[in-house]
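S.K.: Sequence plus predicted model, see below.
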Amino acid sequence: MTLADGRPRRPAPQTTQALDLVLATVSVIARDGLRGLTTGAVAREAGVSDEAVLRSAGSTDALLDAALRYALDKSASVFADIAAGSSLDHFVEHLTDLVARDPDLQVFQYELMLESRRTPRLDPHVKLLYATYIEATSQALTRLGITADEDLTLLVYSAIEGFIMHQLIAKDRPATERAIERLRRILSSAR
């Protein structure tokens, strides 16, 4: 897979400091939005100096790229874990865990999506994020024995996005779980 600008996608950061900076970037954006992303904010969040951030990452654009790669890798592995159980019950029970495990990662992605409306240079990143999720949803449905065309895949993906947003905003996991259970029953008839 490549980034939207055609560069090959590199794996998520491997060093502890690089990972700390990526996690700090995700946290800063989740808390303050993309406009709050500065090397100073990331440095404070990571507990390092501004110079260490600049030496390691070089710029806020590089931090954002690394955080996006991390989000894509992390989210793809979550979808793979969900689908690995090869049952709709497994699929349902793990969706709410997605938000509970790392709400900042989900908020980071929504912030990036919303900011892309005002910042055109982010649009390719958001399109890549969406394409990754659509593909992962399609693969998960296939592993679950559901023949999913583009429309069904988009429907399921959109429902999942809605469930995630509901859980983030309403903080009502039981309601989210009930709605996901309804989706599970609908999907079981699509086999």
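M.R.: Great, that's in hand. Numbers count the residues shown, from 1 in each chain.

S.K.: can you give me the strands in this structure?
M.R.: Counting by DSSP state E, the chain forms no strands at all.

S.K.: Give me the helix or strand of it that scores worst on average pLDDT.
M.R.: When each helix and strand of the chain is scored by mean pLDDT, DSSP states H and E, helix 88-101 comes last, with a mean of 69.

S.K.: Only alpha carbons, please: show stretch 183-191 as PDB.
M.R.: In PDB, the C-alpha atoms belonging to stretch 183-191 read as follows (Å, rounded to 0.1, in the frame of the first residue of the first chain):
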ATOM      1  CA  LEU A 183     -26.600  -5.300  12.800                       C
ATOM      2  CA  ARG A 184     -25.300  -8.800  13.500                       C
ATOM      3  CA  ARG A 185     -28.800 -10.300  13.100                       C
ATOM      4  CA  ILE A 186     -29.300  -8.400   9.800                       C
ATOM      5  CA  LEU A 187     -25.900  -9.600   8.600                       C
ATOM      6  CA  SER A 188     -26.600 -13.200   9.500                       C
ATOM      7  CA  SER A 189     -29.500 -13.200   7.000                       C
ATOM      8  CA  ALA A 190     -27.000 -11.900   4.300                       C
ATOM      9  CA  ARG A 191     -25.100 -15.200   4.300                       C
END
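
S.K.: List the buried residues in it.
M.R.: Neighbour counts over stretch 183-191 (16 or more other CB atoms under 10 Å) mark L183, R184, L187 as buried. Using the backbone N, CA and C atoms, a C-beta is placed for each residue, glycine as well.

S.K.: and it, what's its mean pLDDT?
M.R.: Regarding stretch 183-191, the rounded mean pLDDT is 82.

S.K.: Now, the buried residues of stretch 183-191 that are in helices?
M.R.: Using DSSP state H, the subset of the buried residues of stretch 183-191 located in helices is L183, R184, L187.

S.K.: Put together CSV for those, with distance to V48 on each row.
M.R.: CSV is the format used below for these (distance: CB to CB, whole Å):
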residue, distance to V48
L183, 43
R184, 44
L187, 45
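
S.K.: out of these, which one sits closest to A148?
M.R.: L187 (9.3 Å; CB to CB).

S.K.: That closest one touches L144, doesn't it?
M.R.: Yes - using CB atoms under 8 Å, L187 makes contact with L144 at a distance of 7.4 Å.
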